[in-house]
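Undergrad: Provide a 3D model corresponding to the input given below.
(one chain, ligands or ions: 2)
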Amino acid sequence: MKNKQNLKGLTLPQLEEFFLKIGEKRFRAEQVFLWIYNKKAKSFDEMTNLSKATREKLKELAYIENLEIAQVQVDSESNTHKFLFQLIDGKKIESVLLFGNKRKTVCISSQVGCAVDCGFCATAQMGLFRNLTVSEIIDQLLTIERDFEVKVTNIVFMGMGEPFHNYENVIESAKLMSDEKVTGISQRKITISTSGVLPKIRRFTDENHNFKLAISLNATDNETRTKLMPLNAKWPIEALLEESKFYSEKNRNKITLEYVLLEGINDSIEDAKRFSKWCAEYNCKANVIPYNPTNSDYKRPSKEKIERFMAALGDKYASVTLRDTGGKGIKAACGQLAVEQD
Ligand code: SAH
Ligand code: SF4
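TA: Ligands and ions are numbered 1, 2, ... in the order given. You can find the predicted model right below:
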């Protein structure tokens, strides 16, 4: 396998280059591109419009890497599916399929583990093993669509890992996903969530992508945010919000500020009011996520406290949503299943 080229993860121009290099016609590249990404072929044998000789040649020089489904859990109440995938080096990652009213959303992982080390997050406990390749990122979507016969409508990079610590592969795979020959999912239906890696937010702004950007704010004062998310010591709230503003002004695209609600930590009325004020000032939407308990000391606030926070937040200045992570019964918070498996 060592010298063979994995064709999954390659863009159309990269595939064309490969086919020319091995002495094949350029148009073969588009045929294989469609087989891999549109028809979700897992082997060259499925590619029936290629001659047997071409398929044999491809088998000698290339391969198609496939994720292996190690486990699937289904939450009967919400129909949320949680997938544990095994990578070729034996490492495990997870993805979640959520069913909304009209939406079918896949939550994608970008790294094995994460280096950001947020105290409330299950993925953080793994530390960082490595970045996922473009092939491993896009295959989460392809495998779910193929094996579960579902047409995904929305994608969120909110699984394991910090997408902006694997910037190139995340952007490349998101571009592939939104290629109309692949899924036809528009860039606006793909959301990338970051813990706030400032230089990469600037790069994202400069590159003028149409993907949506979400930022995990999670606290309204620097002391609390640094305790929850150590990267806040380097890039504090004010700098983060200014950077967000710069992005939304330049790209005319609203940012969503995510806020994991933790009992007694960031769920006070004062927090809600500050948060609401910033959403108005920085032209952001708010997305409140009640904590999905993991094996940390943090707790999810009671229903009454969640309601009180939402009421104080109000929706006068900003579009506010409460995103209760579907599938509490199957531990659908980021990284929970992979951590328990190790
Ligand atoms: N690393 C990126 C994306 C993955 S985490 C980021 O931090 O933005 C996606 C979202 O899930 C983040 O907003 C994070 O704060 C939140 N999250 C992590 N663990 C959670 C948990 N146990 N319950 C609820 N939300 C959680
Ligand atoms: Fe990494 Fe996001 Fe988890 Fe923080 S919340 S440790 S950035 S995956």
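Undergrad: alpha carbons only for contacts and neighbour counts from here, please
TA: Will do.
Undergrad: Check the gap between I64 and S268 for me.
TA: Counting by C-alpha to C-alpha, to the nearest Å, the gap between I64 and S268 amounts to 51 Å.
Undergrad: And for I36?
TA: In this view, I36 and S268 are 49 Å apart by C-alpha to C-alpha.
Undergrad: Those two - which one has more neighbours?
TA: In terms of neighbours (other C-alpha atoms under 10 Å), I36 is the more surrounded of I36 and S268; the figures are 24 against 17.
Undergrad: what residue ranges in the stretch 201-342 of the chain score low on pLDDT?
TA: Within the stretch 201-342 of the chain, the ranges that satisfy pLDDT under 70 run 316-342.
Undergrad: Closest residue of the stretch 1-150 of the chain to ligand 1?
TA: Minimum separation of the stretch 1-150 of the chain from ligand 1 (C-alpha to the nearest ligand atom) falls at C121, amounting to 4.0 Å.
Undergrad: so that residue makes contact with T294?
TA: Yes: with contacts counted by C-alpha atoms under 8 Å, C121 reaches T294, the gap being 7.3 Å.
Undergrad: Tell me which of these two has more neighbours.
TA: Set C121 next to T294 and count neighbours by other C-alpha under 10 Å: C121 wins out with 25 against 18.
Undergrad: pLDDT value on that one, please?
TA: pLDDT for C121: 94.
Undergrad: you'd agree it is in a strand?
TA: No: counting by DSSP: H, G, I helix; E, B strand; the rest coil, C121 falls outside a strand, being coil.
Undergrad: List the residues that contact K8.
TA: Taking C-alpha atoms under 8 Å, 6 or more residues apart in numbering as the contact definition, K8 lies against 36, 64-65, 135.
Undergrad: between those residues, which is nearest ligand 2?
TA: The nearest member of the contacts of K8 to ligand 2, counting by C-alpha to the nearest ligand atom, is S135 at 19.8 Å.
Undergrad: Just give the closest residue to the closest one, not the sequence neighbours.
TA: In space, not counting the residues next to it along the chain, S135 is nearest to G9; the distance is 4.0 Å by C-alpha to C-alpha, 6 or more residues apart in numbering.
Undergrad: Need the phi and psi values for the one you found.
TA: With angles defined as degrees, to the nearest 10, G9 sits at phi 100, psi -20.
Undergrad: I'd say it and L142 touch.
TA: No: the pair G9 and L142 does not pass the contact test of C-alpha under 8 Å, sitting 11.2 Å apart.
Undergrad: could you check whether the helix or strand hosting Y247 is close to ligand 1?
TA: Using DSSP states H and E, Y247 falls within helix 237-251. No: judged by C-alpha under 6 Å from any ligand atom, helix 237-251 stays clear of ligand 1, getting no closer than 13.0 Å.
Undergrad: Next SSE downstream of that helix?
TA: Counting by DSSP H and E, what follows helix 237-251 is strand 255-261.
Undergrad: now what about that following strand, what contacts it?
TA: Contact with strand 255-261 is made by 212-219, 244, 248, 267, 279, 283-291, 300-301, 306, as judged by C-alpha under 8 Å, 6+ apart.
Undergrad: In PDB, list the C-alpha atoms belonging to the helix or strand containing S276.
TA: Mapping S276 onto the secondary structure by DSSP H and E places it in helix 269-281. What follows is helix 269-281 as a C-alpha-only set of coordinates in PDB (Å, rounded to 0.1, in the frame of the first residue of the first chain):
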ATOM      1  CA  ILE A 269     -28.600  36.600  34.600                       C
ATOM      2  CA  GLU A 270     -25.700  39.000  34.400                       C
ATOM      3  CA  ASP A 271     -24.000  36.600  31.900                       C
ATOM      4  CA  ALA A 272     -27.100  36.400  29.800                       C
ATOM      5  CA  LYS A 273     -27.400  40.200  29.700                       C
ATOM      6  CA  ARG A 274     -23.700  40.700  28.800                       C
ATOM      7  CA  PHE A 275     -24.000  38.000  26.100                       C
ATOM      8  CA  SER A 276     -27.100  39.600  24.700                       C
ATOM      9  CA  LYS A 277     -25.400  43.000  24.600                       C
ATOM     10  CA  TRP A 278     -22.500  41.600  22.700                       C
ATOM     11  CA  CYS A 279     -24.600  39.800  20.200                       C
ATOM     12  CA  ALA A 280     -26.200  43.100  19.400                       C
ATOM     13  CA  GLU A 281     -23.000  45.100  19.400                       C
END
